[in-house]
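Student: need coordinates for the following:
(4 chains)
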2 protein chains.
Amino acid sequence: MGRDKSTKSKITIRDVAKAAGVSLGTASRALNHSGHVSTQAIAEVTRAAREMGYVPNALAQSMRTQSTSVVGLLVSDIANPLYAGIINAVEARLFAAGYALLLANTHGDANREKSLIDLFRRRRVDGLILGACDSEKPEMLERLASELQVVALDRDITTEGTAIHVDHYHGALQATRYLLKLGHRRIALLTPGSTLRPGRERIAGFKDAFSAQGIQPDPRLIRAESSSMEFSFSEALALLSSPDAPTAFLCLGTRIMSGVLQAIRHSGRTMPDDVSVISIGDTDLTQLFTPPITSLTWDLTAVGTACAEVMLRSLSPREAKEPERILITTQMILRESCMPPPVAARTTAGATT
Amino acid sequence: MGRDKSTKSKITIRDVAKAAGVSLGTASRALNHSGHVSTQAIAEVTRAAREMGYVPNALAQSMRTQSTSVVGLLVSDIANPLYAGIINAVEARLFAAGYALLLANTHGDANREKSLIDLFRRRRVDGLILGACDSEKPEMLERLASELQVVALDRDITTEGTAIHVDHYHGALQATRYLLKLGHRRIALLTPGSTLRPGRERIAGFKDAFSAQGIQPDPRLIRAESSSMEFSFSEALALLSSPDAPTAFLCLGTRIMSGVLQAIRHSGRTMPDDVSVISIGDTDLTQLFTPPITSLTWDLTAVGTACAEVMLRSLSPREAKEPERILITTQMILRESCMPPPVAARTTAGATT
DNA sequence: CTGTTAGCGCTTTCAA
DNA sequence: TTGAAAGCGCTAACAG
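Tutor: Now for the predicted structure:
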């Protein structure tokens, strides 16, 4: 086994230069196609490099050029399909531009987040895409932005910095309006974290849809703590067994819908006859479920690509760029999980006027 | 906005040393708790570093120490939930040990794979976890292993190097045996890539289960090209409309089952009455589908953690480690998607004896 | 067009 | 215990 790391001391550009019979500087220029080098020298050096299996040391290069061509990406959960699609796109676009992706995961832990940001700074990443930010702190960003490019991913880190946002407000507005039009008044909104942008925006859209009808939603039906399937399950079950149970659920988290679906089944009701459901993300589950589930989605690839491109643009030499803010729109895919509320429910105490 | 990267020239350990009134070397030793430093000096330096907001340059450190504390991970698709779970675990374990994760994605493209491995080598990662390897080439690994630690993730890169494997063979064997016991003879096996380890192992297990009964499977029912949902859909549809259609499907890819499910629905049959189905991965879909789907799974976190730990172990200074090979077992979760084949089918031409 | 040289920021001998 | 000095491998500025 070739596991003797010690033996094979990596060959350097110096070795290549020697073998090619030129000086160190010429070798460097030849390899980088910079400055003026004779075609002969360029050929000699390239040949020598190839033959010797020369692998340039990116660390040394970064050291000199003061740039790493690495972009960091911080998210709260890689396994969340909503993130996974984005990560994929970011990585693809970045790779195409010669950048590498340093990925880290906060798992929603603020301490981890802090030390990870520190890790990124130490590693001197050229840019940082922040898709997790426990406490969207502006002063933190201020410090950070002074040493590297920061792009906010669906987070309100600053009101003016570069950011890619999903239009959760409009999405929630549209979905709620749809349910209201079907006649629902007692609509439950389940979304993760009211402290983060997505949660805030959704709640605002939800409320505004009600306001537009001159009514107010029951605040007890807005649940913004849940995020796990288990929690959503018990949460939904509790709501369903209360005297004035909701007639519709707006499930705005990947795992949330699963919990709600189980709760509906568990409480002996059927969807959509007794309870209507709108979900987030257009997955195999929403498509194949019986009945197929109406859902709110957006283009993950577009989000990821936008993140990467905005980042690359702000990293490009042409200086003094304005911060960019991009808003990705959501679409509602109508399927068969929503119906007007059952007649019995309509007589029950509805929303306050 | 603090976007003037130019102004704030990063402060170095030299600045810290000066501020603390000690020499550069002492500052280094103080910060790293190495060698002998007076408690006073250590206090001075730490204070100065904190006050000045000193962030050590990992690049320079790596340059000197010849180690980056970065591990690369190469997979074929980050968005595949089967990988996402693993990545999450790898990242978590690595982070706990002070290592960073450099992630890249081949998208199943051999060229991308090559240049990504090159990227890793240039960046001088300390180790590389290979979860994608278009062509499991031993000679490539040989070269690679001579300069960094390599851990194979469900890939047969070498027969003796360090590797974490999932026991696809036994999983497929068990699932097939189960279907055979129910009376199925015409079982379709859909799995991605017969060129890669998982595919190979599954096919072997599938065949061996038949052999144990003294029969042979119909080779036309082994489909190892499909991986996408769309392809699986048309593939399954074609199989279902043939004169001797399969009575059971073993769907061993994340998206494959969705395609098969649609095909079954499309062909007007019902599951499990007309066709039995076994899926891979225990997801919301398999749990919530009507009927819930019997599936073959394994512990993603265990796989990821094992990868990381084996890697860390081989990176640890205590030299001359034996290559480790770990096999992760699969479990079959019995649900309601399998039944004996319909009587009509049993009279149809079965498997060859 | 090419060779020489000065660092990038850090760790680690080697003397003192 | 500490300071001085030598590089890690590379690029870029400066002479030639």
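Student: drop to CA atoms for contacts and neighbour counts, all remaining ones
Tutor: Noted.
Student: now the residue of the stretch 151-300 of chain A found nearest DNA strand C: phi and psi?
Tutor: Here the stretch 151-300 of chain A gets closest to DNA strand C at one residue, A:Val151, 24.0 Å apart by CA to the nearest atom of the strand. Dihedral angles of A:Val151 (phi, psi; degrees, to the nearest 10) stand at phi -120, psi 130.
Student: go on, A:Met271?
Tutor: For A:Met271, the backbone dihedrals (degrees, to the nearest 10) come out as phi -110, psi 130.
Student: okay, now it: neighbour count?
Tutor: 19 (other CA atoms under 10 Å in any protein chain shown).
Student: that one: what's its closest spatial neighbour, skipping adjacent residues?
Tutor: Ranked by CA to CA, 6 or more residues apart in numbering or on different chains and with sequence neighbours excluded, the top spatial neighbour of A:Met271 is A:Ser337, at 6.4 Å.
Student: tell me the contacts of that neighbour?
Tutor: With contacts taken as CA atoms under 8 Å, 6 or more residues apart in numbering or on different chains, A:Ser337 has the following neighbours: A:Met271, A:Pro272, A:Ser276, A:Val277, A:Ile278, A:Pro291, A:Pro292, A:Ile293, A:Thr294.
Student: from what I see, the fifth one and A:Thr294 are in contact.
Tutor: Yes. Shown here, A:Ile278 and A:Thr294 form a contact pair, counting by CA atoms under 8 Å, at 5.2 Å.
Student: got any residues that touch both of these two?
Tutor: Here A:Ile278 and A:Thr294 have A:Ser337, A:Cys338 as joint contacts, going by CA under 8 Å, 6+ apart.
Student: how close does A:Leu252 get to A:His33?
Tutor: Here the criterion is CA to CA, to the nearest Å. By it, A:Leu252 lies 51 Å from A:His33.
Student: skipping its backbone neighbours, what lies nearest the residue of the stretch 151-300 of chain A closest to DNA strand C in space?
Tutor: If you skip the residues right next to it in sequence, A:Val151 has A:Ile129 as its closest partner in space, 4.7 Å away by CA to CA, 6+ apart.
Student: so which bits of the strand or helix carrying that neighbour are buried?
Tutor: Here A:Ile129 sits within strand A:127-130, counting by DSSP states H and E. Taking 16 or more other CA atoms under 10 Å in any protein chain shown as the basis for neighbour counts, the residues of strand A:127-130 that come out buried are A:Gly127, A:Leu128, A:Ile129, A:Leu130.
Student: and these, which is closest to chain B?
Tutor: Checking the buried residues of strand A:127-130 against chain B by CA to the nearest CA gives A:Gly127 as the nearest, at 11.5 Å.
Student: correct me if wrong: that closest one contacts A:Glu147.
Tutor: No. Under the criterion of CA under 8 Å, A:Gly127 is not in contact with A:Glu147, lying 9.0 Å apart.
Student: only C-alpha atoms, please: export stretch A:112-128 in CSV.
Tutor: Written as CSV, here are the backbone C-alpha positions of stretch A:112-128 (Å, rounded to 0.1, in the frame of the first residue of the first chain):
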residue,chain,number,x,y,z
ARG,A,112,-21.7,26.3,16.5
GLU,A,113,-22.6,29.1,14.2
LYS,A,114,-20.1,31.4,15.9
SER,A,115,-17.2,29.0,15.8
LEU,A,116,-18.0,28.1,12.2
ILE,A,117,-17.9,31.7,11.1
ASP,A,118,-14.6,31.8,12.9
LEU,A,119,-13.4,28.8,11.0
PHE,A,120,-14.3,30.5,7.7
ARG,A,121,-12.4,33.6,8.7
ARG,A,122,-9.3,31.6,9.7
ARG,A,123,-9.4,29.7,6.5
ARG,A,124,-9.6,33.1,4.7
VAL,A,125,-12.6,32.2,2.5
ASP,A,126,-13.1,34.9,-0.1
GLY,A,127,-16.8,35.0,0.5
LEU,A,128,-19.4,33.7,2.8
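Student: now that stretch: mean pLDDT?
Tutor: The predicted model assigns stretch A:112-128 a mean pLDDT of 95.
Student: does that stretch reach chain B?
Tutor: Yes. Counting by CA under 8 Å from any CA of the partner chain, contacts between stretch A:112-128 and chain B involve A:Leu119, A:Arg121, A:Arg122, A:Arg123, A:Arg124.
Student: show residues contacting that stretch.
Tutor: A:67-74, A:104-106, A:132-134, A:148-151, A:311, A:315, B:55-59, B:100.
Student: which ones among these map onto strands?
Tutor: In this view, the contacts of stretch A:112-128 that belong to strands under DSSP state E are A:Val70, A:Val71, A:Gly72, A:Leu73, A:Leu74, A:Ala104, A:Asn105, A:Gln149, A:Val150, A:Val151, B:Ala100.
Student: could I get these as TSV with pLDDT?
Tutor: Rendered in TSV, the data for the ones in strands among the contacts of stretch A:112-128 read as follows (pLDDT from 0 to 100):
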residue	pLDDT
A:Val70	97
A:Val71	98
A:Gly72	97
A:Leu73	97
A:Leu74	96
A:Ala104	93
A:Asn105	92
A:Gln149	94
A:Val150	94
A:Val151	95
B:Ala100	96
